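K.L.:
Here is my input; please provide its structure:
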Amino acid sequence: MPAIRTRIAPSPTGHLHIGTARTALFNYLFAKKQGGHFVVRIEDTDLERSDEKYETDIFDGLKWLGIEADESPVRGGDFAPYRQSQRLETYERFLQKLLRERRAFHCPHSERELEDEKKKQLDGKEPPRHICSARDRQLQSGIIRLKNERTAPIIFSDLIRGEISFDPELLGDFSLAKDLRTPLYNFAVVIDDHEMQISHVIRGEDHIPNTPKQLLLWAALWPDEPPPAYAHLPLILGPDRAKLSKRHVATAIREFRDAGYLPEALVNFMALLGWNPGGKQEIFSRQELINAFSLEQVQKSGAIFNIEKLDWMNGEYIRKKSVPELTELCRLHLADFLQPPNSKSQFPNEYVQQVVALEQPRMKTLADIRAAEFFFRLPDYPPLLLSWEHMSLDAVRGELNRATGLIDKIPESEFTKKNLETGFLQEIGKGSKGELLWPLRVALSGKEASPGPFEIMELLGKVETLGRIQEAAAKLTSPETKGET
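P.N.:
Residues are numbered from 1 along each chain as shown. Take a look at the predicted model:
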């Protein structure tokens, strides 16, 4: 069995969060660089909130990102099962051991009593904790707690943050399980880490307060065995330095996928959220990330999520794609244009590739291809959009007629960007380009911003180009423009 074994243990109570995905990535990179194993196990003992659809989402998200587990509920492994709900007998065995050895006990106090105790402690400006009066009694029911008799500081060396110390008296007799068949987080996670031989626990800094409890529990069960090494990652923060939430950006991996981000770009971006390899390189292949990654270069302070940087990085990856590959990736976002409802029309693949090639330099996400809607269907637009600056509609009609005359002179076989550009620029001479080209471009695209008219005409072809100009001229005589000159 590899000496280096890392894990993530998400709860299937929500969609795969980018923070969980970043933690998975760091565990994966660390294990792969060391020739170790990366384990995914599911913490599903919260039966009320756990849902199979969320577990599916977790594995679908990790698969899409290319963060493949060596062991998991899906892949199996030597330490199966990898779902906590299937490991209840193991937890019960260790709880019985602690109770038998008088290291744990059943606490008889009700939730109301515990709440009253906590309120008194807070009112007296004391740290809230429960030191149970029944800790030396052998009761048979009630919450199971660890008998915490530690007085010396709990000290551990965090691989990112250095030495961290806790006062054990502040922990009190903390809870391990609701009963023998219902373990709580801090108990189950320690049992699983031991039984699965996890060597390194790499997780978010919000878990630092759990570490002393887990170390006390480890010492109670396996006093002669060293616990895993711990490394606590910085939180991902929004631009306002508050913990990242939906009010900042999307937080579920599926939302990034649906928005048109590439998995390799998102992985590259997540790797730099809290890790700085040094140097100026920002675009890394997966193997380059594995080779360069180290916990020593993980920062202690929070990592700011910069959506503009993600957009830039995603655009860089989009431009690396071949046109055929990018076209296939874009088809999902073009689906309603390529095959409109109740329509038998189908655009040739060559045409779709030409559209994608034209848009590729401007795209930041795959969803940006939807800006090319007008290549497949002309969107509705207000007639006044055809007017350049303060041109009258009569002047716009004249420019559209002039454009039609120029286009008529170019044979279909010579209908190229180069020939169109040459013909139009010769006609314009030293005159205003906007007066002729603005109405033309709007007539072709129906948009205020789009590629240039010559690229659009070349792709649309002569017949469709003339048809759209004719449609624009008809708009200028609509009731909407009545009274305009």
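
K.L.:
what about residue 144, how many neighbours?
P.N.:
Neighbour count of residue 144, defined by other Cβ atoms under 10 Å: 23. No exception for glycine: its C-beta is placed from N, CA and C like everyone else's.

K.L.:
how far is the helix or strand harbouring it from where the chain is centred?
P.N.:
With elements delineated by DSSP states H and E, residue 144 resides in strand 143-146, which encompasses its position. Strand 143-146 sits 38 Å away from the centroid of its parent chain (Cα atoms, centre = their mean, to the nearest Å).

K.L.:
what does it contact?
P.N.:
95, 98-99, 103-107, 130, 132, 135, 173-180, 213, 216-217, 220 (Cβ atoms under 8 Å, 6 or more residues apart in numbering).

K.L.:
So among the residues you listed, which ones count as buried?
P.N.:
With burial judged by 16 or more other Cβ atoms under 10 Å, the buried subset of the contacts of strand 143-146 is 95, 98-99, 103-107, 130, 132, 135, 173-177, 180, 213, 216-217, 220.

K.L.:
pLDDT below threshold where in the stretch 201-350 of the chain?
P.N.:
340-345 (pLDDT under 70).

K.L.:
Look up the closest residue to the residue most central in space within the chain, ignoring the ones flanking it.
P.N.:
Nearest to the mean C-alpha position of the chain, counting by Cα atoms, centre = their mean, stands residue 253 at 3.4 Å. Of all residues not flanking residue 253 in the chain, residue 61 sits nearest, at 3.9 Å (Cβ to Cβ, 6 or more residues apart in numbering).

K.L.:
What's the separation between the one you found and residue 151?
P.N.:
Note on residue 61: its distance to residue 151, by Cβ to Cβ, to the nearest Å, is 45 Å.

K.L.:
So which of these two has more stuff around it?
P.N.:
Remark: of residue 61 and residue 151, residue 61 carries more neighbours, 24 against 8, as counted by other Cβ under 10 Å.

K.L.:
Does anything pack onto the host helix or strand of that one? Which helices or strands?
P.N.:
According to DSSP H and E, residue 61 maps onto helix 52-65. The contact analysis (3 or more Cβ pairs under 8 Å, 6 or more residues apart in numbering; DSSP states H and E) places helix 52-65 against helix 18-33, strand 37-40, helix 253-258, helix 263-271.

K.L.:
For residue 192, find the nearest of these.
P.N.:
Nearest to residue 192, of all the helices and strands packed on helix 52-65, is strand 37-40, at 9.3 Å by Cβ to Cβ.

K.L.:
ok so, going back, how about the residue nearest to the centre of the chain, what does it touch?
P.N.:
Residue 253 neighbours (Cβ under 8 Å, 6+ apart): 15, 16, 17, 18, 21, 61, 64, 65, 266.

K.L.:
redo that, cut-off 6 Å
P.N.:
16, 21, 61 (Cβ atoms under 6 Å, 6 or more residues apart in numbering).

K.L.:
Show me the domain layout of the protein.
P.N.:
253-320, 323-369, 383-481 (automatic domain parsing).

K.L.:
I'm done for today, thanks for sticking with me.
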